[in-house]
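*Asks:* I would like to see how this sequence folds:
(2 chains)
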2 protein chains.
Amino acid sequence: MDDMKEQQRATRPGGRSARVAAQVHEAVTALINERGYGNFTIGDVATHAGVADSSIYRRWGNMEALLADVTLARLNAQSPMPDTGSIDGDLRTYAANVAREITGPDGLALVRLAVALSSDEGRGPFGALGDDRTRQMQAMLDRAAARGEQVPEALEVLDHILAPMYIRVLFGIVPLTPEYLDGLVDRLLAGK
Amino acid sequence: MDDMKEQQRATRPGGRSARVAAQVHEAVTALINERGYGNFTIGDVATHAGVADSSIYRRWGNMEALLADVTLARLNAQSPMPDTGSIDGDLRTYAANVAREITGPDGLALVRLAVALSSDEGRGPFGALGDDRTRQMQAMLDRAAARGEQVPEALEVLDHILAPMYIRVLFGIVPLTPEYLDGLVDRLLAGK
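*Replies:* Residues are numbered from 1 along each chain as shown, chains lettered A, B, ... in the order given. From the prediction side, this is the model:
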């Protein structure tokens, strides 16, 4: 009975569980910015978020799962894959969305986290950004191919759209101007 | 007088000072691999290298300077900028050299270190890889331009040669095959 209530809470948007998740996500982002990746514990997150350690362990299990969840939630929430009707429009919107995320207030922390998690895991073409994200990217490319458009491969999008943006943010070569982003997409599609 | 002797030692190749530097560099690389960036002290490096803490502080001053020196020394020693007589040949050789470094036994540690230092510093287009490296790259491009070749900008080499390789190593999408590297160069030069 208690388990059922817990499950109901866990799936009810805006409920206590969603509030806890939001507080924990904010705490993780703040701690990454303050101390850097790897320099805080689950206990620190709990204190910062004002929740019990046990709530975090019960929901996420360990620090790596928690960090992966925060990164994924941030990237997915702020940047759903676009569906504009052309691969050109999709890629321009996608590049602009990612650029906005990774040059925002927590952008550098987010990219460092994605990089740190990816190298620990080595999962799939988008590393710790996850299988879901790779599937969404592939679905966007497949839609364009089904319309008869010439499309790049997902790994080419990684190489020539995402990788330059990530490295520029990591190396502090910002801002990523609209002209710069359009240039990345132009160059990628010129090869098709 | 002692200072003069110290300086002479410091510049004599193969002398005690060079031996200490080599031991310290090896210790840093080993500790990065064992524990990860940020999880060891100057004292740990000294113990591992079999030298006194004070030798490290006198020569490098602090951990960040030591880490930057190790990264630069590794990247420069193993990959001098090529001079093959054409920008095409130069870029292919450069890409192959960098790929060999960053996919070798310490490659991932080296890239993670470059990324970590770059984001702390935000110096120049190659971040912590340093001004020297940027100058060498620019000199290679200027030689080709002086021969009348159409050349990319240094930042385009970063975006479309280095960034994809770095991100693939970080995300565990290896090996970097000769065909893959040639494709990166072809694509970059096709835009010229």
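
*Asks:* low pLDDT regions in chain A?
*Replies:* When the per-residue scores of chain A are filtered using pLDDT under 70, the ranges that remain are A:1-14, A:37, A:75-79, A:116-131, A:192.

*Asks:* which residues in it form helices?
*Replies:* Assigned by DSSP state H, chain A shows helices spanning A:2-11, A:16-35, A:42-49, A:53-60, A:63-78, A:87-102, A:107-121, A:130-146, A:154-157, A:163-170, A:178-190.

*Asks:* Could you identify which of those helices is most buried?
*Replies:* Most buried of these by mean neighbour count (mean count of other C-beta atoms under 10 Å in any protein chain shown) is helix A:163-170; its value is a mean of 24. To be clear about C-beta, it is placed using only N, CA and C from the backbone, and glycine gets the same treatment.

*Asks:* So that one, near chain B or not?
*Replies:* Yes: figure legend: helix A:163-170 in contact with chain B (C-beta under 8 Å from any C-beta of the partner chain); contacting residues A:163, A:164, A:166, A:167, A:168, A:170.

*Asks:* wouldn't the first one be in contact with residue B:158 here?
*Replies:* Think residue A:163. No: using C-beta atoms under 8 Å, residue A:163 is not in contact with residue B:158, being 10.1 Å away.

*Asks:* any idea how chain A splits into domains?
*Replies:* Taking automatic domain parsing as the domain assignment, the record places the domains of chain A at A:2-61, A:78-190.

*Asks:* Quick one: closest of those domains to residue B:46.
*Replies:* Taking C-beta to C-beta as the measure, those were each checked against residue B:46, and domain A:2-61 came out nearest at 22.5 Å.

*Asks:* List the backbone torsions phi and psi for residue A:150.
*Replies:* Its backbone dihedrals place residue A:150 at phi -80, psi 120, with angles given as degrees, to the nearest 10.

*Asks:* Could you do the one 3 residues further on as well?
*Replies:* Comment: the main-chain dihedrals of residue A:153 come out as phi -80, psi 160, following degrees, to the nearest 10.

*Asks:* wait, what's in contact with the residue lying closest to it once chain neighbours are set aside?
*Replies:* Sequence neighbours aside, residue A:141 is the residue nearest to residue A:153 in space, at 7.6 Å (criterion: C-beta to C-beta, 6 or more residues apart in numbering or on different chains). Each residue near residue A:141 by C-beta atoms under 8 Å, 6 or more residues apart in numbering or on different chains is listed here: A:87, A:151, A:152, A:153, A:154, A:157.

*Asks:* burial count for the fourth one?
*Replies:* Using other C-beta atoms under 10 Å in any protein chain shown as the criterion, residue A:153 is surrounded by 11 other residues.

*Asks:* still on that earlier bit, with respect to residue A:188, which of the contacts of residue A:141 is nearest?
*Replies:* Distance to residue A:188, by C-beta to C-beta, is smallest for residue A:152 among the contacts of residue A:141, at 5.6 Å.

*Asks:* Quick check: that closest one vs residue A:68, distance?
*Replies:* Between residue A:152 and residue A:68 the distance is 27 Å, computed by C-beta to C-beta, to the nearest Å.

*Asks:* would you turn the residues of helix A:163-170 next to chain B into a markdown table with distance to residue A:64?
*Replies:* What follows is the residues of helix A:163-170 next to chain B, written out as a markdown table (distance: C-beta to C-beta, whole Å):
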| residue | distance to residue A:64 |
| --- | --- |
| A:163 | 23 |
| A:164 | 27 |
| A:166 | 20 |
| A:167 | 24 |
| A:168 | 27 |
| A:170 | 21 |
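
*Asks:* what about residue A:43, distance to chain B?
*Replies:* In this structure, residue A:43 and chain B are separated by 19 Å, where distance is defined by C-beta to the nearest C-beta, to the nearest Å.

*Asks:* Residue A:59 too?
*Replies:* In this structure, residue A:59 lies at 26 Å from chain B, with C-beta to the nearest C-beta as the measure.

*Asks:* check contacts around that residue.
*Replies:* A:20, A:21, A:24.

*Asks:* who's in contact with residue A:55?
*Replies:* Taking C-beta under 8 Å, 6+ apart as the criterion, residue A:55 is in contact with A:20, A:46.

*Asks:* typed the wrong thing, it's residue A:115
*Replies:* Applying C-beta under 8 Å, 6+ apart as the definition, the contact partners of residue A:115 turn out to be A:166, A:170, B:112, B:115, B:170.

*Asks:* how about those residues, which pair is most distant?
*Replies:* The largest separation in those, counting by C-beta to C-beta, is between A:166 and B:112 at 13.4 Å.

*Asks:* distance of residue A:54 from residue A:18?
*Replies:* Between residue A:54 and residue A:18 the computed distance is 18 Å (C-beta to C-beta).
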